[in-house]
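Student: Provided below for reference: sequence and predicted model.
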Amino acid sequence: MKLSYRALLGATVSLALAGSALAQTTITVATVNNGDMIRMQGLMDDFNAKHPDITVEWVTLEENVLRQNVTTDIATGGGQYDVLTIGTYEVPIWGKQGWLASLNDLPADYDVDDILPAIRGGLTVDGNLYAAPFYGESSMVMYRTDLMEAAGLTMPDAPTWADIEKAAAAMTNKDAEIYGVCLRGKAGWGENMAFLTAMSNSFGARWFDEAWNPQFDSPEWKATLDFYLNLMNNYGPPGASNNGFNENLTLFNQGKCGMWIDATVAASFVTGKDSTVADKVGFALAPDNGLGKRGNWLWAWSLAIPASSQKQEAAKTFINWATNKDYLALVASKEGWANVPPGTRTSLYENPEYQKVPFAKMTLDSINSADPTKPTVQPVPYVGVQFVAIPEFAGVATTVGEIFSAALAGQSTADEALAAAQAAVAEEMKAAGYIQ
Amino acid sequence: MARAVSPRRMILTTLAAWTVALIIFFPVLWMILTSFKTEASAVASPPELLGASWTLENYVEVWARSDYPRFFWNSVVIAVGSTLLGLVIAIPSAWAMAFVPGKRTKDLLMWMLSTKMMPAVAVMVPIYLLFLQFGLLDTRIGLVLVLMLMNLPILIWMLYTYFKEIPAEILEAARMDGASLWNEILYVLTPMAIPGIASTMLLNIILAWNEAFWTIVLTTTKAAPLSAFIASFSAPQGLFYAKLSAASAMAILPILILGWFSQKQLVRGLTFGAVK
């Protein structure tokens, strides 16, 4: 009798343990190393309390490594990842290929209509939302208010490229190591080509015409590159062809740049504790040339579910938690409104507390002024503001980025660089079958 | 008798040796120095040394943001495991090639080495599919296997070179005394080749420790070693050099210490057979 009690007790405990083990779902989230993502990892207690049946494991990788690993995993149906952190470049391509699970069935209280239209447009393919934005960004002008004042100039809220050139000339003092303007020069599709492609939109240039013919031999691209090279050669810092986001951030924070046109996410850095000019920074929209398009880009780091994931329900629960309005309120309560992931929801910009953040309005205006479906003045066959959402773009844009970076370093003229870019892109597009 | 060396010549050769050593070590030294700088100091142009702002903050942040002991343990298991498994296969193979060579032994050796010339990415998808099929993705045993296979040609080549230096007559004498094949390899050959085996082992551990393609492609969370740990400190906004350097310093420190303490053995083994 004693034995049967023991056996019964043992069986009950085993069943209970087995039951809890069965209910526990572990999901793997692949992510990039940025401040907002790291902050989210620190706030996981909230998720764990609300969803004790889901365990989240993180894989943090360098952006290109993450892209390579995730691509391999999805293409082979590996199912190693349940949630991916991907950008607006991948979403249209991967969504079209059926690699991502649709997020159309997120619960009603997620309020998908609250997502900023420009961002939502970039994450939607054929009516299906394939990723939920975690933070969104555009680009804008960050400038030194004290240097502008000393030069007797005022920066308009919506400057033209002529305004930028005028201000750069007035602020440059090479003897004091102050350079009028700092722009990206380091080669890479996400480095100098992100900036130059966005800038070219405001000059009316485009990567391809409607029949996918490269357009680097157009007068618009010539005007773009001539202007960029003149601006940087006359008023930029030395060695600018090696400068990317991080290098320019350091220069600006050290007080060596009059203006810096780059990601809106930089606003919190240049006004943060590491900046020597934190209280002397003003913000303006990215410049235009009077053609109806500004030189700003649009990017969102977003969370998506690979179609190969076996745990899509748990993954959706996590995405819902990480990108809904409650999460923004949670960050605000713990870290303050200035640290809330920006650029994703309309309601955030309607919040009176968030409106007090100095760069909030300019970030929203910048995001709203970018349209990934109509990025430039003339019609184009592609989606994307500072990129072209086709798989071949990353490779070919890096090649063009190297050509333009070499031109900035003085190794070739603008005309030579444009001719080389035209030839390189035409060859790639022929090889890929877009053109004959 | 050793040739007499003049003091002047001695000073010159010592200076030359130090210069070459410093040039080789400089990137590592610079990385370690950078790991103690602030981010602004790390990317300052011209590079800062004396005037740099020094801090331990990078190490504190890197430690706080990741589970270093787990990555470290995975590295140890993968590097040591793949080396030991490789030796178990390589010692008999090298014995056969050195003492019982066939007509095609040289060709076989060259063919084995030629597999090292193929870029790893060329076989990434087939290997990934095999791992997927056999449930080896994100497992330490999977990485032990792949790194063992990757370094096996080097192991066999190095051991083959050492074994060739051992007089075959000694092994023959052991056989005459009635030693079995197993006893011959274990009790006669292995003790004589200890310096060679040790240096091969150390070199293989270093190669496996530093491997950063398969270890990143084939792991996610459970089996990720220190190479994946370093990769996780690269940010989309650019490289934050100070933190990246701190993570790299933490990753290479164990292998640097191992190399430092075993340098005599390593050099002895690597020059084994160089002078007859």
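Tutor: Structure received.

Student: drop to CA atoms for contacts and neighbour counts, all remaining ones
Tutor: Noted.

Student: burial of residue 98, as a residue count?
Tutor: Using chain A here. When neighbours are counted by other Cα atoms under 10 Å in any protein chain shown, A:G98 registers 13.

Student: I was after chain B.
Tutor: Close neighbours of B:A98, defined as other Cα under 10 Å, add up to 20.

Student: who in chain A is up against chain B?
Tutor: Counting by Cα under 8 Å from any Cα of the partner chain, chain A comes close to chain B at A:28, A:32-34, A:57-63, A:69, A:72, A:76, A:78, A:80, A:244-247, A:250.

Student: for chain B, which residue gets nearest to chain A?
Tutor: Sorted by distance to chain A under Cα to the nearest Cα, the residues of chain B start with B:S232, at 4.3 Å.

Student: check what pLDDT that residue gets.
Tutor: B:S232 carries a pLDDT value of 85.

Student: so it sits against A:E63, correct?
Tutor: No - counting by Cα atoms under 8 Å, B:S232 does not reach A:E63; the two are 9.2 Å apart.

Student: overlap in contacts, those two.
Tutor: Here B:S232 and A:E63 share the contacting residues A:V32, scored by Cα atoms under 8 Å, 6 or more residues apart in numbering or on different chains.

Student: thought A:Y354 was touching A:W337?
Tutor: Yes - judged on Cα under 8 Å, A:Y354 makes contact with A:W337 at a distance of 5.8 Å.

Student: and the closest residue to A:W99 other than its chain neighbours, its phi and psi?
Tutor: Residue nearest to A:W99 in three dimensions, not counting chain neighbours: A:A307, with 5.2 Å by Cα to Cα, 6 or more residues apart in numbering or on different chains. Backbone torsions of A:A307, given as degrees, to the nearest 10, read phi -60, psi -20.

Student: what is the burial count for A:A307?
Tutor: A:A307 has 19 nearby residues by other Cα under 10 Å.

Student: in this structure it contacts A:L100, no?
Tutor: Yes - contact criterion Cα under 8 Å: A:A307 and A:L100 qualify, at 4.7 Å.

Student: mind checking the backbone torsions on the spatially closest residue to the residue of chain B closest to chain A that is not a sequence neighbour?
Tutor: Leaving out its chain neighbours, the residue that sits closest to B:S232 by Cα to Cα, 6+ apart is A:L61, at 4.3 Å. Main-chain torsions, A:L61, degrees, to the nearest 10: phi -140, psi 160.

Student: what of A:N34?
Tutor: phi -130, psi 160.

Student: so what does the helix or strand encompassing A:L84 touch, helix or strand wise?
Tutor: Element membership for A:L84 (DSSP states H and E) is strand A:83-86. In terms of contacts (3 or more Cα pairs under 8 Å, 6 or more residues apart in numbering or on different chains; DSSP states H and E), strand A:83-86 is packed against strand A:25-32, strand A:298-304.

Student: could you dump the ones you listed into a markdown table and include distance to B:V77 and mean neighbour count?
Tutor: Formatted as a markdown table, the helices and strands packed on strand A:83-86 follow (distance: least, Cα to Cα, whole Å; neighbours: other Cα atoms under 10 Å in any protein chain shown):
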| stretch | distance to B:V77 | mean neighbour count |
| --- | --- | --- |
| strand A:25-32 | 23 | 22 |
| strand A:298-304 | 33 | 27 |
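
Student: tell me the pLDDT at the closest residue to A:A170 other than its chain neighbours?
Tutor: Among residues not flanking A:A170 along the chain, A:A151 sits closest, at 5.9 Å (Cα to Cα, 6+ apart). In this model, A:A151 is scored at 94, pLDDT.

Student: how near is A:A151 to chain B?
Tutor: Using Cα to the nearest Cα, to the nearest Å, one gets 26 Å for the distance from A:A151 to chain B.

Student: quick one, phi psi at that residue?
Tutor: Here A:A151 shows phi and psi, under degrees, to the nearest 10, equal to phi -80, psi 0.

Student: how much space separates it from A:A176?
Tutor: Distance of A:A151 to A:A176, given as Cα to Cα, to the nearest Å: 15 Å.

Student: next one: stretch B:37-46, is it in contact with chain A?
Tutor: Yes - counting by Cα under 8 Å from any Cα, contacts between stretch B:37-46 and chain A involve B:40, B:43-44.

Student: which bits of chain B sit near chain A?
Tutor: Within chain B, the positions lying close to chain A (Cα under 8 Å from any Cα) are B:40, B:43-44, B:125, B:128-129, B:132, B:217, B:220-221, B:228, B:231-240.

Student: helix or strand for A:V141, which one?
Tutor: Using DSSP H and E, A:V141 sits in strand A:132-144.

Student: quick one: that strand to strand A:298-304, angle?
Tutor: 150 degrees (axes from the mean of the first three to the mean of the last three Cα atoms, to 10 degrees).

Student: more neighbours, A:A151 and A:A176?
Tutor: Per other Cα under 10 Å, whichever of A:A151 and A:A176 has more neighbours is A:A151, with 14 against 8.

Student: ok, the more buried one to A:M140 distance?
Tutor: Counting by Cα to Cα - A:A151 and A:M140 are separated by 21 Å.

Student: cool, B:L203 as well?
Tutor: Per Cα to Cα, B:L203 is found 51 Å from A:M140.

Student: which one's more surrounded, the two?
Tutor: The neighbour count for B:L203 versus A:M140, taken as other Cα under 10 Å, is higher for A:M140 (29 against 19).

Student: so what's that one bridging to?
Tutor: A:D262, A:L285 (DSSP bridges).

Student: that one and A:L116, how far apart?
Tutor: 18 Å.

Student: and if you look at B:K243?
Tutor: Distance, B:K243 to A:L116, using Cα to Cα: 34 Å.

Student: mind telling me which residue of chain A is nearest chain B?
Tutor: Taking Cα to the nearest Cα, chain A has A:L61 as its residue nearest chain B, at 4.3 Å.

Student: that residue and A:N33 touch, don't they?
Tutor: Yes - assessed by Cα under 8 Å, A:L61 is found in contact with A:N33 at 6.8 Å.
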